[in-house]
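> okay, predicted coordinates and the sequence, questions at the end:
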Number of protein chains: 6
Amino acid sequence: MMRLSTPGFARFSQATNLNITYGGGEANVAISLACFNIPTAHVTRFPANDLGQAATALLRQHQVVTDHIIYGGDRLGLYFLETGAVARASKVVYDRASSAFAQLEPGMLNWEEILKNARWFHWTGITPAISAGAAQSCLEAVRVANRLRITVSADINYRKNLWQYGKKAHEVMPELVAGCDIIVSSIGDASDILQIKPLKEETEPFVSVCRQILRQYPRIKKIVNTKRGSVNASHNTLSGMMWNGQELLHTPTHDMTHIVDRIGGGDAFMAGLIYGLLTYQDDQQALDFAVAASALKHTIEGDANLVTVAEVEPVMRGDSSGRLKR
Amino acid sequence: MMRLSTPGFARFSQATNLNITYGGGEANVAISLACFNIPTAHVTRFPANDLGQAATALLRQHQVVTDHIIYGGDRLGLYFLETGAVARASKVVYDRASSAFAQLEPGMLNWEEILKNARWFHWTGITPAISAGAAQSCLEAVRVANRLRITVSADINYRKNLWQYGKKAHEVMPELVAGCDIIVSSIGDASDILQIKPLKEETEPFVSVCRQILRQYPRIKKIVNTKRGSVNASHNTLSGMMWNGQELLHTPTHDMTHIVDRIGGGDAFMAGLIYGLLTYQDDQQALDFAVAASALKHTIEGDANLVTVAEVEPVMRGDSSGRLKR
Amino acid sequence: MMRLSTPGFARFSQATNLNITYGGGEANVAISLACFNIPTAHVTRFPANDLGQAATALLRQHQVVTDHIIYGGDRLGLYFLETGAVARASKVVYDRASSAFAQLEPGMLNWEEILKNARWFHWTGITPAISAGAAQSCLEAVRVANRLRITVSADINYRKNLWQYGKKAHEVMPELVAGCDIIVSSIGDASDILQIKPLKEETEPFVSVCRQILRQYPRIKKIVNTKRGSVNASHNTLSGMMWNGQELLHTPTHDMTHIVDRIGGGDAFMAGLIYGLLTYQDDQQALDFAVAASALKHTIEGDANLVTVAEVEPVMRGDSSGRLKR
Amino acid sequence: MMRLSTPGFARFSQATNLNITYGGGEANVAISLACFNIPTAHVTRFPANDLGQAATALLRQHQVVTDHIIYGGDRLGLYFLETGAVARASKVVYDRASSAFAQLEPGMLNWEEILKNARWFHWTGITPAISAGAAQSCLEAVRVANRLRITVSADINYRKNLWQYGKKAHEVMPELVAGCDIIVSSIGDASDILQIKPLKEETEPFVSVCRQILRQYPRIKKIVNTKRGSVNASHNTLSGMMWNGQELLHTPTHDMTHIVDRIGGGDAFMAGLIYGLLTYQDDQQALDFAVAASALKHTIEGDANLVTVAEVEPVMRGDSSGRLKR
Amino acid sequence: MMRLSTPGFARFSQATNLNITYGGGEANVAISLACFNIPTAHVTRFPANDLGQAATALLRQHQVVTDHIIYGGDRLGLYFLETGAVARASKVVYDRASSAFAQLEPGMLNWEEILKNARWFHWTGITPAISAGAAQSCLEAVRVANRLRITVSADINYRKNLWQYGKKAHEVMPELVAGCDIIVSSIGDASDILQIKPLKEETEPFVSVCRQILRQYPRIKKIVNTKRGSVNASHNTLSGMMWNGQELLHTPTHDMTHIVDRIGGGDAFMAGLIYGLLTYQDDQQALDFAVAASALKHTIEGDANLVTVAEVEPVMRGDSSGRLKR
Amino acid sequence: MMRLSTPGFARFSQATNLNITYGGGEANVAISLACFNIPTAHVTRFPANDLGQAATALLRQHQVVTDHIIYGGDRLGLYFLETGAVARASKVVYDRASSAFAQLEPGMLNWEEILKNARWFHWTGITPAISAGAAQSCLEAVRVANRLRITVSADINYRKNLWQYGKKAHEVMPELVAGCDIIVSSIGDASDILQIKPLKEETEPFVSVCRQILRQYPRIKKIVNTKRGSVNASHNTLSGMMWNGQELLHTPTHDMTHIVDRIGGGDAFMAGLIYGLLTYQDDQQALDFAVAASALKHTIEGDANLVTVAEVEPVMRGDSSGRLKR
């Protein structure tokens, strides 16, 4: 997607120009992983016009492999962003109707070919929410990935304003989730998407939900979640938790006192988690890295978390002092 | 429509921000007429979101009445523009799929109410090319206008990349054109839209076409056209001609040696023509005003011709010296 | 007035360009009310030049009726703004000498005509401070409004750097204040303008002042005030209070931790108060709305509070979390 | 004066920010001479505020001595500029009412002290047109300069929109012109200001006027003038002529095909002339340098001609090829 | 190299910000060829810092392979550009001292590996002029290319301000030129670099020089050259010629009437020539393509010619009308 | 040095333009003192090109005397800055190799002449770290200053990434420090540069270090230091301390909650200290002024502290409320 954001804190009604970046859940994860030096490809469908090419070029600039992108369809999905401050929330106007990606149909993407050398496949809950075709293509991918024994992760992420093509999330998602090894899910997502709610008899609701999910979806090994505290639009806090089937891990809470750009925080977390699980021996470190990466994202303009491992590691270890580097 | 243009001469692949203006054929005509102090309303459909409101606000800023705009549908039509120079043409990427305007349906606009105090109704060939609903709504308007004895003008303007909803221009347009008093049409437009071609036995092909049109469409009184010479993308020439049933009028050729923004030249011509016909006694002056107005448009950034009558008149009278006004 | 502000935090000595917005006390109130969908007209005098027209166009863009603006005089009043941070205060250089508005003379504005369909008239203490003519025109308006039984409000707002035309505030203002139903006044304003000071025997000084004002100015029904805490230039707090003749109402304190633009906070409060008093049943809600509106203003660039009722209401009800709206 | 210009070719009604430069006739001459490495001081009155200081700093940046500037008065004179193209003229909105300079009074500037080490004093016809005080201060300066045998030059430059303080140009100017050694004057200026018109019996009207001027104003030795051809606002031509009492000198015509900024062309000519007369042996070279300098000015953004002698000389010698310098 | 250019036509002394692009002769050729869909790699040395990475990312964005770039050395070479107009030339300040590329040493680049799958190697005369190490590395490459029977081309391009490391061009270049199949050389370059001058007895000096070169350097098959006419800095003309050992080919002259950015015109020509020779059957078409590509470059901001084959071809065939593409 | 900083919070990889300011330790001190109305000259070496001239012009704009600057050498030293936020540190890429200043040689600067009317000479530890020539020239200056009984101050400031010309700091600095009256030094600097460490038996380590320094360097009278607390990159705290041979003075801690630009904080402190020691009777006030000045620097864009004495004084006295100044 192309993101068009008003400069500074200008409202839509004030803007006479818009800043361009490119984003979207999976693209953000791909770019962030590429910044961590993990070879990554982004798979999507762009229109066969100058905007589709510009989107491709931006991914390539950030060292994301773009060989599997296909071209066609009516238009590039867009979203418009106005950045809030203090008590005024940021505002997003999605403009995805008739996008090339929404017009994706099963069979268009040759997942066997795409995934043949991959070791990880990640998708988000946005994709199956966009259109029936996108959902089916995603399911194709998950099935191929499962067959090829590639790790599958998903940020299942329920957004009620999406899901307008006639299916409900809980009709579509369970089959997709069943193919995952790792999911990001809040208690609310689990309820909306998987129709699983905390049992009253369990003291820790997140663990209650996780236990049920692991029971129903045996491929899933880890369920992770972030907890965002919103002091106001300019100041948030963030921590993470993970249920790995045995214990509930927590991270310290990061204090993001002067947010530059909050969009993509979840994708930065996911990229951090994938990096962490690929790199560290234990889940705690992976989770700590993921939350530190997401905290840093809030200081970066644009959707994607353009930070390096060398920048995340000190924050992960508790040094958030931000001292000048000469 | 929102226009998003790259700054300066940047290509789409280079731009990191885009300038916003709002335009579209009929809106451009409305704004230009408002700048000539002719009270004007713009009738369209915008989405019920912040972008639709911003588009409305911009029209209002230019003193266009926005009371008849209706709100709904998926999205605001957009177009992306990259400005060329010399041998490099400007490039437009339209992004109109699923726009609120394309989703216009007959009956949505209450033309009786809208037109009850009007003295002129103008439409362009873009509208019926966008969708069946837009074409039908346009036809409703033309019929009401005819009934109310309001002057109807149209820039019939054939663009082959439009007309993708299953009908061809020549199936839809004749009925609409039949309700017009004045049309802008080139020889090519007449052929593509009205299937009328110059007769070989007539020496002046434009006159040949005009005679046939006037015969077949008895309501039409005047047919006008502009002739653009393209030295290159930075330097064009422009003249106009009119067949008023009796004689073929010509204007001097304007030399636009350092084009600032070429988009909307035709709409500026149309607005000038409407102003001229409402204001001057004879067709020649009206036509001269229209071409001078269009020539000035090429010096204005954005789609709409933000010039005053006091600025057009000297150019119309042959003073293109552009001497500094202190 | 045109406001010319340095970009970002640039000092006047650093700026190579200036951002334009249009503002001024009453205009800010009018624009904010228009954003709350209250039909509003702004009455002023602009010079008959391109700047006066641009100022008019901006008001119109924000749906403020501009039909009563008159044109003439030497120049458009300006002010220059440099935005501070932390311990560095923002700085304003006023440039109002010989402005079209300062040159306003009694009789120029036809208040009978202007106010004939109005239900509310609002003025600020800036107007009578500018020039004798402006003061007299304001008095004309108040008298007509009183005769037509239109509610009159004023932000009496004492600024000692103004009042340079030979009269003192306390010579001019009492007659104007006598025509008001509602005023905004601090204890300091009451002393400087109305020469009313808290009585030592009363425990709550604001109430002491209010009681005396209500006694001396029997038309006044409500006196409101805001209390601003200045942690530093980037972080302020704000609360409001109202004496309605019976009780002293207070609002919660809003914490504006990352101020975007502090100018116009008082005007935003006033617009919120007018909206609130026109909309809500009780004074407490009106006051709460006003303070919430003003708090949000601090997140908006420019003088005018471009927020909607739907945005103010959650803040008024205590939700300042600023969570992203997708 | 502060110049506030719209970016690119934006109209006043389109601009959301303005570029700042500082200019004004005499300041432009001073800056240009400083760029030619001629030590130069600018003498004026600025307001004692941040804008006055910023104006001073800009002069200092360009190596103009600012020690004689005095501070006081209401405001900094401004002008607003919108840049035209092709048939659309550039437009200037002056905003000088109540400026610190217009409020200059005789005696405020200590001309004895200021001029004690000077060898040249230059003034323009704008100064005596602004206010009686400015005219008188200028006369003081001319008298001191004459006493100290300093060369005096003037661009007498008649602008009918000025001269609004009750005196006419021909009442004020002759006394000032009488103190000059060199003046820039067109035939029109001579008529408007000195009431001298070409005699019909003389074939070359400029020479006719010059002969009369030299007769009536015996101190004057040289009268120079430029001739501007305006193909359109983007393309002008320029040549110069000088009557030195003996012969009429002409320069080649410079073709300024892609004007960047036309403002200050006359001041650049004047600075070039002063440099030329101080540097070259013969009048022809001085005049050629002046016109070449002015031609180059049209390629420089802002009022002042920021070019060096090394850049003017090739143009003066006929090389206008503008070949890239690596 | 990073190019830092002043915005618009600002002089260095006026700029408060600089636009970044990346360029340099060979990089420009590589980017242009990638835009023509010719797979291309750029081989250079960048510093191991954020600027070196940003330069790499930009190449990658334009689909240039960056796998062979090595990292190290003191700094990224820069150049500063101020864009001229009309009689004012553009000005370049090179800032290459101690650049990573100048510090290139023989052996650092593994040319065997780099060139193993290549079919064309291109270098420019800038490289051997920068430092002895760069010259030697270039020679290594040429030798490997010769051994691998890869076509070698060079723009031999003499710049006298370079060559400051103790060797003269004619001491270093002949050995390099001897390994070329195709060179770009003017008569002046041939004299400065190869010490070959036109023989007086031959009527066409370029042919005279070419004949001698082909005799002395038997590997060379084609010598090409461009002829630039400089009306002024805003308006140039361009044509090309080629001696292919048999005949002297000429192209039409392209008229670049409104130059946007003249830098990189030679590199665009070279890229066009390589594309043309790889694609077309006859030399004339290749040459025509090269000149058309170069003409288009003058409309593109930045060093590199971001145009497609589909854009060059009409210009090559004589259509320079630049008509709007909708 | 020219500073090239990415706009807003953009990373190097995102920036398409860079903001220019000029800075560097001693220049920053000079500009700040000039803003305090202390006549100041900056002595350095710039290249003899347009960038060197632009750097000079900027100093002159800020009223710094530039008469002693010499011109020559390869290039202007640069540094690139990316501004961090919260946990992301700001990042500096120095680009000083082969700078005109690094190429300074003893004897180039005529210190006798430069210092003949000076009353204070200030240098920083950056200078001797850059090159042997710079170190020697600095030593020349210190010796002349000592002979002329001019106060000498230094911010001895150890940066380990510098010092790459073959000498270590502790080999070069002691001789320079021996000529100082006042130094800024942390405990770490004292250890790295002077090889003096706190004695364990003394309770206050800074005092322990100071006592030893004063014993070894008898000319030194005062040692000052600042203590920066880094909540994160957006929020720092700052206090100062001074050992004047008798007592250890402390200042209150300033809370810089919304940092605009942290670079140059130490130079602002130094300028404040010099101003304070020249102006106030007691060391405590001088120190308080210095820390208040440095706190304000964090609100100013660019390296130099563009604030006035009138702005520092209230902060120094504890008023950091930053209330709007109208």
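Received it, and whenever you're ready, just let me know what you need. Numbering: from 1, shown residues only, chains lettered A, B, ... in the order given.

> how about residue A:25, nearest residue that isn't a chain neighbour?
residue A:124 (3.9 Å; C-beta to C-beta, 6 or more residues apart in numbering or on different chains). Yep, even glycine has a C-beta here, placed from its N, CA and C like the rest.

> and that neighbour, how close does it get to residue E:124?
47 Å (C-beta to C-beta, to the nearest Å).

> wait, the residue nearest to residue A:25 touches residue A:154, no?
Yes - counting by C-beta atoms under 8 Å, residue A:124 touches residue A:154, with 6.5 Å between them.

> who's more crowded, the two?
residue A:154 (26 against 22; other C-beta atoms under 10 Å in any protein chain shown).

> contacting residues around the helix or strand where that one lies?
Assigned by DSSP states H and E, residue A:154 belongs to strand A:151-155. For strand A:151-155, contacts defined as C-beta atoms under 8 Å, 6 or more residues apart in numbering or on different chains pick out A:25, A:119-125, A:142, A:145-146, A:176-177, A:179-184, A:219, A:266-267, A:270, A:273-274.

> following element in sequence after it, please.
Immediately after strand A:151-155, counting by DSSP H and E, sits helix A:169-177.

> could you name the helices and strands sitting against that following helix?
Helices and strands touching helix A:169-177, as assessed by 3 or more C-beta pairs under 8 Å, 6 or more residues apart in numbering or on different chains; DSSP states H and E, comprise helix A:126-130, helix A:132-147.

> tell me which parts of the stretch 1-150 of chain A are close to chain C?
Proximity of the stretch 1-150 of chain A to chain C, by C-beta under 8 Å from any C-beta of the partner chain, involves residues A:8-11, A:13-14, A:84-92, A:94.

> closest to residue A:203 out of these?
residue A:89 (33.0 Å; C-beta to C-beta).

> hmm, that closest one is touching residue C:326, no?
No - taking contacts as C-beta under 8 Å, residue A:89 lies outside contact range of residue C:326: 9.9 Å.

> who has more neighbours out of those two?
More crowded of residue A:89 and residue C:326, by other C-beta under 10 Å: residue A:89, with 26 against 15.

> and the residue nearest the centre of chain A?
residue A:267 (3.2 Å; C-alpha atoms, centre = their mean).

> is it in contact with residue A:305, as I believe?
Yes - taking contacts as C-beta under 8 Å, residue A:267 lies within contact range of residue A:305: 7.2 Å.

> joint contacts of these two?
Contacts common to residue A:267 and residue A:305, judged by C-beta under 8 Å, 6+ apart, are A:28, A:32, A:297.

> what separates the residue nearest to the last one when sequence neighbours are not counted from chain F, distance-wise?
With C-beta to C-beta, 6+ apart as the measure, residue A:268 is the residue that lies nearest to residue A:297, at 3.5 Å, once sequence neighbours are left out. Between residue A:268 and chain F the computed distance is 12 Å (C-beta to the nearest C-beta, to the nearest Å).

> ok, now residue A:258?
Residue A:258 is 4 Å from chain F, where distance means C-beta to the nearest C-beta.

> correct me, but that residue touches residue F:234?
Yes - counting by C-beta under 8 Å, residue A:258 does reach residue F:234; the two are 3.9 Å apart.

> I'd like to know which of the residues of the stretch 1-150 of chain A next to chain C are buried.
Buried members of these, counted by 16 or more other C-beta atoms under 10 Å in any protein chain shown: A:8-11, A:13-14, A:84-92, A:94.

> which residues of chain A fall in helices?
A:25-35, A:50-61, A:111-115, A:126-130, A:132-147, A:169-177, A:187-189, A:205-216, A:265-279, A:283-297, A:309-316 (DSSP state H).

> quick check: buried residues in the third one?
By neighbour count, with 16+ other C-beta under 10 Å as the criterion, the buried positions of helix A:111-115 are A:111, A:114, A:115.

> and if you look at the longest one?
Neighbour counts using 16+ other C-beta under 10 Å place A:132-142, A:144-146 of helix A:132-147 among the buried residues.

> reformat those residues as CSV; add pLDDT and distance to residue F:202.
Formatted as CSV, the buried residues of helix A:132-147 follow (pLDDT from 0 to 100; distance: C-beta to C-beta, whole Å):
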residue, pLDDT, distance to residue F:202
A:132, 97, 77
A:133, 97, 76
A:134, 97, 71
A:135, 98, 72
A:136, 98, 76
A:137, 98, 72
A:138, 98, 69
A:139, 98, 72
A:140, 98, 74
A:141, 98, 68
A:142, 98, 68
A:144, 98, 71
A:145, 98, 66
A:146, 98, 69
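
> the buried ones among the residues of the stretch 1-150 of chain A next to chain C in strands, which ones?
Within those, residues falling in strands by DSSP state E are A:91, A:92, A:94.
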